[in-house]
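Trainee: missing the sequence, but the structure's below:
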């Protein structure tokens, strides 16, 4: 079987909650610029990643945007997938003829959501606006004046607008004001720097805890004390440990009991997550990104026979600027991190920096290479899927 890699990119609603994920495919042996092979790639996505691995594992309870080519539409491939879980995304290079129009109209009548990718208003594509549900606008293809004009032209049609390739908070706000309903791009994972902003009292306590946890010589008593002093953190920690996740023989009744039962390394890991979750009221998606990133860094380190102790922390803290709305270097200066950890995050130095760089590239898709060091695409792909599953399993217990 041909190896494949899976990418997924979040699509947000106006409140920056996750609406859906776009499923992205880059397989070995397929030329996606060639129509027949691109159609085969879509078949590969469906058979190997959607049906075999399970759509819930990839996108949880959200919808999956799947790219369909001219031949996929002619063959009515979407009928093989549940209409309540997918969005039929019509690629911009699809030739629009009567057969395509009729098949898409039939899919729409059956209840499938139809999205038009990288939309340009031409006479060829105009008939699709009669039944399309979502129009994707590439904001990098045109300037804001041209984007505004296109949005005005689309207003008479009952379609929702999805702005894609957004890279700044300013773009997001402008397109929100123009009436866009959905948003896709890297803007959420970039820091929204507010000059002169002070960290509030609750955030100060959380930063202090994060620093104490990661001290090389931290003691049980110190950790117990600092967690016990914050009611919210204590509740979240006990709620997590008392969950069925650990299958412990009896309930944990105190922070001291929790720390002694789980051991320092495990308590440090979960306290890191709990603390980070408490730092901000940012959307759930940002925390998910931080945790998947941290877990994948750890997974790759294990596969490369590196000591994985700091890799989870490195991946997770690479998002802390976005969570705190302060520059990354300033955020890291608040923590007593060893130089190798800070250098990996700030300067991508060492093997940890290389792993973090690869994971970041994997998120943005496509990665520059489907392999990394001695790892082939199958191992990397499995590490990514396991990281997603791990976050899904624990997330209900940290919020």
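Mentor: Done, it's in. A quick note: this is a predicted structure, and the numbers were derived from the prediction, not measured. Numbering: from 1, shown residues only.
Trainee: contacting residues for residue 119?
Mentor: Residues near residue 119 by C-beta atoms under 8 Å, 6 or more residues apart in numbering: 92, 125, 135, 136, 137, 150. Where you see a C-beta, it was placed from the backbone N, CA and C, and this is true even at glycine.
Trainee: hang on, the last one packs against residue 137?
Mentor: Read that as residue 150. Yes - using C-beta atoms under 8 Å, residue 150 is in contact with residue 137, at 6.4 Å.
Trainee: pLDDT wise, what is residue 202 at?
Mentor: Residue 202 carries a pLDDT score of 51 in this model.
Trainee: cool, residue 60 as well?
Mentor: For residue 60, the model assigns a pLDDT of 81.
Trainee: Next, count neighbours for it.
Mentor: If you count neighbours by other C-beta atoms under 10 Å, residue 60 ends up with 14.
Trainee: tell me which residues in stretch 310-328 are buried?
Mentor: By 16 or more other C-beta atoms under 10 Å, the buried positions in stretch 310-328 come out as 310-324, 326, 328.
Trainee: Of residue 150 and residue 137, which one has the most company?
Mentor: For the pair residue 150 and residue 137, the greater number of neighbours falls to residue 137 (24 against 18), based on other C-beta under 10 Å.
Trainee: if we look at the sheet, which residues does that one bridge to?
Mentor: Under DSSP bridges, the beta-bridge partners of residue 137 are residue 163.
Trainee: for the protein, where's the lowest mean pLDDT among helices and strands?
Mentor: When each helix and strand of the chain is scored by mean pLDDT, DSSP states H and E, helix 35-44 comes last, with a mean of 56.
Trainee: Show me what counts as buried in the following helix or strand past it.
Mentor: Going down the chain from helix 35-44, the next helix or strand is helix 55-59, by DSSP states H and E. For helix 55-59, the neighbour count (16+ other C-beta under 10 Å) marks 55, 58, 59 as buried.
Trainee: go on, stretch 147-155?
Mentor: Buried positions in stretch 147-155, judged by neighbour count with 16+ other C-beta under 10 Å: 147, 150, 151, 154.
Trainee: Just put those residues in CSV and tack on pLDDT and distance to residue 109.
Mentor: Output for the buried residues of stretch 147-155, formatted as CSV (pLDDT from 0 to 100; distance: C-beta to C-beta, whole Å):
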residue, pLDDT, distance to residue 109
147, 94, 31
150, 95, 27
151, 96, 27
154, 96, 22
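Trainee: Closest one of those residues to residue 226?
Mentor: residue 147 (49.0 Å; C-beta to C-beta).
Trainee: Surely the closest one and residue 135 touch.
Mentor: No - taking contacts as C-beta under 8 Å, residue 147 lies outside contact range of residue 135: 11.9 Å.
Trainee: anything in contact with each of these two?
Mentor: The contact lists of residue 147 and residue 135 share no entry, where a contact means C-beta under 8 Å, 6+ apart.
Trainee: got a markdown table for the contacts of residue 119, with distance to residue 222 too?
Mentor: Shown next, in a markdown table, are these (distance: C-beta to C-beta, whole Å):
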| residue | distance to residue 222 |
| --- | --- |
| 92 | 57 |
| 125 | 63 |
| 135 | 56 |
| 136 | 51 |
| 137 | 53 |
| 150 | 58 |
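Trainee: Many thanks, have a good one.
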